[in-house]
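Undergrad: Build me a model from this:
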Amino acid sequence: MKTHRTNPTRRHFISPFAALVKAPLNGCLSVALFSGAILLLCAARSRAASDIHFGPTATEASVSNPDGTWINMWGGAWKGTTFDATNPPPSGDTAGSPYVQGDWTGDTSPSGMDSYNMISPGTWWGNVVFDGTAYASIELDIKYDTNSTMTPTSAAQLSIGLDTGYHPVSVTNISFDIASSALANGAWHHLSIPIPAATVGIGSSDGVSFYRWNPPGTSGTMSFWMANVVLVARAGNPVTYSFTIAGYPTSFNCEAYLFLVPNPAAVEEAPDWNETNCAQVVVQGSASRATMRFRYKINEDHQQAMAFSGTPKVGGGTGTTLATSTTFAIQKLIVPEVPGGFQR
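TA: As a prediction, this is how the structure comes out:
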């Protein structure tokens with residue numbers, strides 16, 4: 001499968017620390033004072049989507065694959081979808097491309113003629129369902145067949161979007177009009193089609209759709225090759241965790257802690273030891289210097305070996321005082337993903 005829905009090596013960012021205490025959107029925040037140390041416990045749980053790659057890819061030579069099935073949903077104008085090994089795109093992980101054929105026969109019935117097709121990221125329509133709002137764009141390569149005979153040429157258009165259960169939601173419309181569109185020149189073109197976050201009705205989607213309807217009397221063929229179809233996920237937004245220290249003693253005998261724990265119930269004094277997964281920020285300061293150290297541990301219940309076995313990430317500088325308040329900023333602290341994770 002190349003839907004890439006999970007990626008165990010994916011990493012997430014916790015950044016930056018600012019001057020105010022802010023609770024994450026989907027977590028918990030508690031503050032307690034122990035011997036001059038401020039303790040914050042935070043957990044944030046939602047995770048970003050991953051890109052979906054639609055087959056055929058690699059050595060696949062079919063329009064029906066585990067990672068991509070090309071399906072005609074309805075429409076009398078559809079004449080076939082086949083894999084064409086003689087027309088691979090100029091780049092990408094594929095040895096050919098699906099060839100989609102349409103033929104409008106000049107039917108004069110009031111409803112006109114149409115062709116509705118979709119690509120499922122699984123082996124059948126509805127096999128995989130996803131939240132379309134989690135994706136930023138549809139990427140694809142397309143090549144118009146210049147042997148098409150659509151009349152008038154302005155009728156050669158294609159609506160591209162997402163299938164939402166036997167129903168297309170369009171996000172763009174492209175033209176193959178040979179009189180005005182560069183896409184009609186018979187060469188491969190790459191399209192990057194933005195998906196507006198506010199698009200209505202795509203919360204439960206199951207594939208990429210492409211559709212064309214033409215009014216009564218339209219006649220001629222409209223065919224094209226398509227390849228390298230990818231749904232690109234929106235980037236996850238970093239979460240800000242922060243706290244303010246006021247009147248901090250100018251002594252290294254005092255410390256302030258920020259603990260990030262993927263367990264909302266872990267409101268305790270020592271999550272760095274008791275919890276299985278924990279990220280830890282330690283702040284120390286004097287009259288002339290402030291230092292912040294970052295450590296973490298993964299899969300170590302009632303242990304700290306991982307957190308203290310390496311060199312901590314250190315931030316801070318001279319000339320900084322904690323006598324009143326201090327703001328620290330740590331950019332792009334990388335924490336490996338854990339179940340329930342440190343990510344939003």
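Undergrad: For the rest of this, base every contact and every neighbour count on C-alpha atoms.
TA: OK.
Undergrad: what's the closest non-adjacent residue to Tyr279?
TA: For residue 279 the amino acid is Ala, not Tyr. Tyr296 (4.1 Å; C-alpha to C-alpha, 6 or more residues apart in numbering).
Undergrad: Just confirm the one you found is within a helix.
TA: No: read with DSSP: H, G, I helix; E, B strand; the rest coil, Tyr296 is strand and lies in no helix.
Undergrad: That one and Ala227, how far apart?
TA: Tyr296 is 43 Å from Ala227, where distance means C-alpha to C-alpha, to the nearest Å.
Undergrad: Which one of those two is surrounded by more residues?
TA: Neighbours were counted for Tyr296 and for Ala227 using other C-alpha atoms under 10 Å; Ala227 has more, 29 against 21.
Undergrad: Counting by contacts, list what whatever helix or strand the more buried one lives in packs against.
TA: Per DSSP states H and E, Ala227 falls inside strand 219-233. Counting by 3 or more C-alpha pairs under 8 Å, 6 or more residues apart in numbering; DSSP states H and E, the packing neighbours recorded for strand 219-233 are strand 52-53, strand 97-105, strand 135-144.
Undergrad: Kindly calculate the angle that that strand makes with strand 135-144.
TA: On the basis of axes from the mean of the first three to the mean of the last three C-alpha atoms, to 10 degrees, strand 219-233 is oriented at 150 degrees to strand 135-144.
Undergrad: In the sheet, which strands lie alongside the next helix or strand after strand 219-233, parallel or antiparallel?
TA: Using DSSP H and E, the helix or strand that follows strand 219-233 in sequence is strand 256-260. When pairing is defined by DSSP bridges, strand 256-260 lines up against strand 37-42 (parallel), strand 278-285 (antiparallel).
Undergrad: mean pLDDT lowest for which of those?
TA: Least confidently modelled of the strands paired with strand 256-260 is strand 37-42, at a mean of 36 by mean pLDDT.
Undergrad: And this protein, split by domain according to the record?
TA: 11-47+237-336, 52-233 (automatic domain parsing).
Undergrad: Grab the nearest non-local neighbour of Ile119.
TA: Once flanking residues are discounted, Ile119 sits nearest to Trp70: 4.5 Å by C-alpha to C-alpha, 6+ apart.
Undergrad: So which bits of stretch 187-204 are buried?
TA: Trp188, His189, His190, Ile193, Ile195, Gly201, Ile202, Ser204 (16 or more other C-alpha atoms under 10 Å).
Undergrad: what would the residues you listed look like in TSV with pLDDT and secondary structure?
TA: TSV is the format used below for these (pLDDT from 0 to 100; DSSP: H, G, I helix; E, B strand; the rest coil):
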residue	pLDDT	secondary structure
Trp188	98	strand
His189	97	strand
His190	96	strand
Ile193	97	strand
Ile195	97	coil
Gly201	95	coil
Ile202	97	coil
Ser204	94	coil
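Undergrad: Cross-check the contact I'm expecting between Asp206 and Gly126.
TA: Yes: at 5.5 Å, Asp206 and Gly126 qualify as touching, with contact defined as C-alpha atoms under 8 Å.
Undergrad: So which of these two has more stuff around it?
TA: Asp206 (26 against 17).
Undergrad: which residues does the more buried one contact?
TA: Contact analysis of Asp206 by C-alpha atoms under 8 Å, 6 or more residues apart in numbering lists Ser120, Pro121, Trp125, Gly126, Asn127, Val128, Val129, Phe130, Leu162, Asp163, Thr164, Gly165.
Undergrad: quick one, what contacts the second one?
TA: I take that to be Pro121. Pro121 is in contact with 3, 52-55, 66-69, 127-128, 206-207, counting by C-alpha under 8 Å, 6+ apart.
Undergrad: do that again at 7 Å, thanks
TA: The contact partners of Pro121, taken as C-alpha atoms under 7 Å, 6 or more residues apart in numbering, are Thr3, Phe54, Asp67, Gly68, Thr69, Val128, Gly207.
Undergrad: For the closest residue to Trp74 other than its chain neighbours, give me its contacts.
TA: Nearest residue to Trp74, sequence neighbours excluded (C-alpha to C-alpha, 6+ apart): Tyr116, at 5.4 Å. By C-alpha under 7 Å, 6+ apart, Tyr116 lies in contact with Asn72, Met73, Trp74, Gly75, Phe210, Tyr211, Arg212.
Undergrad: Out of those residues, which is nearest to Ala307?
TA: Phe210 (51.1 Å; C-alpha to C-alpha).
Undergrad: tell me which element the closest residue to that closest one other than its chain neighbours is part of?
TA: Among residues not flanking Phe210 along the chain, Ile160 sits closest, at 4.4 Å (C-alpha to C-alpha, 6+ apart). Using DSSP H and E, Ile160 falls within strand 157-163.
Undergrad: quick one, that strand and strand 135-144 angle?
TA: Comparing the axes of strand 157-163 and strand 135-144 via the same axes, to 10 degrees yields an angle of 150 degrees.
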